[in-house]
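**Q** Just a sequence and a predicted model for now, questions to come.
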Amino acid sequence: MRTGWLIYNEADASRNRSYIDWFLAEAQELAMGLELVYKEELGIGVTESRLSLYRRGQRVNVPDYIVMRHRDERLTAHLEAMGAPVFNGSFVSRTANDKARTSLYLAQHGIPMPDTRFLSKEDFREANVAGLPFPQVLKTVGGHGGSEVYRVQTPSEVTERLAASPPGSSFVLQEMVTPGKDVRVFVIGRTIVGAVLRESSSDFRANHSLGGDSSLHLLSAEEEALALRIVELFDFGLAGIDFIYGRDGKVLLNEIEDVVGSRTLSLHSDINLVRLYLNHIQTVLDSTIQGKKETNHASSKGTQQDV
């Protein structure tokens with residue numbers, strides 16, 4: 001049986017206990033050997049000039065696979081470097097959990113998105129945004145779930161928000177297009193699993209966790225095509241792609257959610273997102289093993305022929 005870790009930090013685990021139990025129950029049925037591991041239990045570094053991993057103070061090897069449910073790109077990269085397949089991987093974590101990096105990367109591939117400025121607390125000057133049409137949406141680059149997102153009415157309000165932020169904080173400032181409405185597309189690997197429409201009549205943010213309404217959404221041809229274009233640029237395990245709509249109705253990328261939940265999809269469908277995700281992980285792991293066997297076999301044949 002394989003061994004796997006489902007990594008959460010303690011605070012997130014306490015809020016997501018039912019989701020964790022669902023994960024572990026599905027993994028048990030699939031004989032995947034998955035256990036919950038808290039990020040706080042782990043230590044990483046270099047020991048005797050080699051990458052090392054510790055759990056509760058004891059040096060350990062990496063498991064056969066890891067389901068990462070924490071936004072720690074350094075930990076993910078370290079585990080990958082030690083040979084563990086991590087879902088989602090460090091590139092997804094590094095890119096999706098920084099809204100500026102998301103825009104920087106995907107704009108180079110022609111993905112449509114709202115007009116966006118990248119701001120930093122220390123370098124900001126009001127004159128640089130004075131000509132923008134306000135209101136605008138100000139977001140910290142690392143916020144998620146609708147947190148740390150603000151409607152700002154003037155350049156001076158941007159200054160106030162940045163002044164109240166911790167040193168070194170970075171933000172994106174985006175045009176406000178159609179507030180209170182977005183679509184979340186759930187993807188596993190390179191497959192679209194489903195989508196939900198999220199709407200709010202009381203808040204410019206449409207997040208279900210903030211009181212917005214949700215419903216199952218059938219993607220238009222334009223939405224599906226854009227989602228598939230984005231999927232091709234990543235090696236996703238499980239992720240959420242959020243779309244918003246321009247004033248002309250054009251579909252725009254809003255952001256990508258790395259550690260995506262499935263509450264809204266579960267509310268409106270019988271799609272077992274966790275089972276599908278674990279099946280995907282099994283397929284990837286089996287494919288990797290098969291690929292190594294074929295490589296070793298080919299290498300062995302070549303050696304015999306050379307003798």
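**A** That came through, no problem.

**Q** Would you mind checking which helix or strand in this structure has the lowest mean pLDDT?
**A** In the chain, no helix or strand scores lower on mean pLDDT, DSSP states H and E than helix 273-306, which sits at a mean of 74.

**Q** I'd assumed V259 was in contact with G240.
**A** No. G240 lies out of contact with V259 (Cβ atoms under 8 Å); the separation is 9.2 Å. No exception for glycine: its C-beta is placed from N, CA and C like everyone else's.

**Q** how close does R117 get to L216?
**A** As for R117, its distance to L216 is 34 Å (criterion: Cβ to Cβ, to the nearest Å).

**Q** Packing partners of the helix or strand harbouring L53?
**A** Using DSSP states H and E, L53 maps to strand 50-55. When contacts are defined as 3 or more Cβ pairs under 8 Å, 6 or more residues apart in numbering; DSSP states H and E, strand 50-55 packs onto strand 42-47, helix 73-81.

**Q** buried residues in it?
**A** L53 (16 or more other Cβ atoms under 10 Å).

**Q** residues in contact with whichever helix or strand comes after it?
**A** Next along the chain after strand 50-55, taking DSSP H and E as the criterion, comes strand 58-59. Contacting residues not belonging to strand 58-59 are listed as T47, S52, L53 [Cβ atoms under 8 Å, 6 or more residues apart in numbering].

**Q** Can you tell me which helices and strands the helix or strand just after strand 58-59 packs against?
**A** Next in sequence after strand 58-59, counting helices and strands by DSSP H and E, comes strand 65-68. On a contact count with 3+ Cβ pairs under 8 Å, 6+ apart, strand 65-68 meets strand 4-8, helix 73-81, strand 86-87, helix 273-306.

**Q** strands paired with strand 65-68, and their directions?
**A** Applying DSSP bridges, strand 65-68 is found paired with strand 4-8 (parallel), strand 86-87 (parallel).

**Q** what sits up against the first one?
**A** Judged by Cβ under 8 Å, 6+ apart, the contacts made with strand 4-8 from elsewhere in the structure are 16, 20, 23-24, 27, 32-39, 42, 63-70, 75.

**Q** related to what we said a few turns ago, so which of R117 and L216 has more stuff around it?
**A** Neighbour count, other Cβ atoms under 10 Å: between R117 and L216, R117 has more, with 18 against 14.

**Q** could the contacts of strand 58-59 go into a markdown table alongside pLDDT?
**A** Putting the contacts of strand 58-59 into a markdown table (pLDDT from 0 to 100) gives the following:
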| residue | pLDDT |
| --- | --- |
| T47 | 98 |
| S52 | 98 |
| L53 | 98 |
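
**Q** any chance of the residues you listed in CSV, plus distance to H109?
**A** Converted to CSV, the contacts of strand 58-59 look like this (distance: Cβ to Cβ, whole Å):
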residue, distance to H109
T47, 40
S52, 37
L53, 34
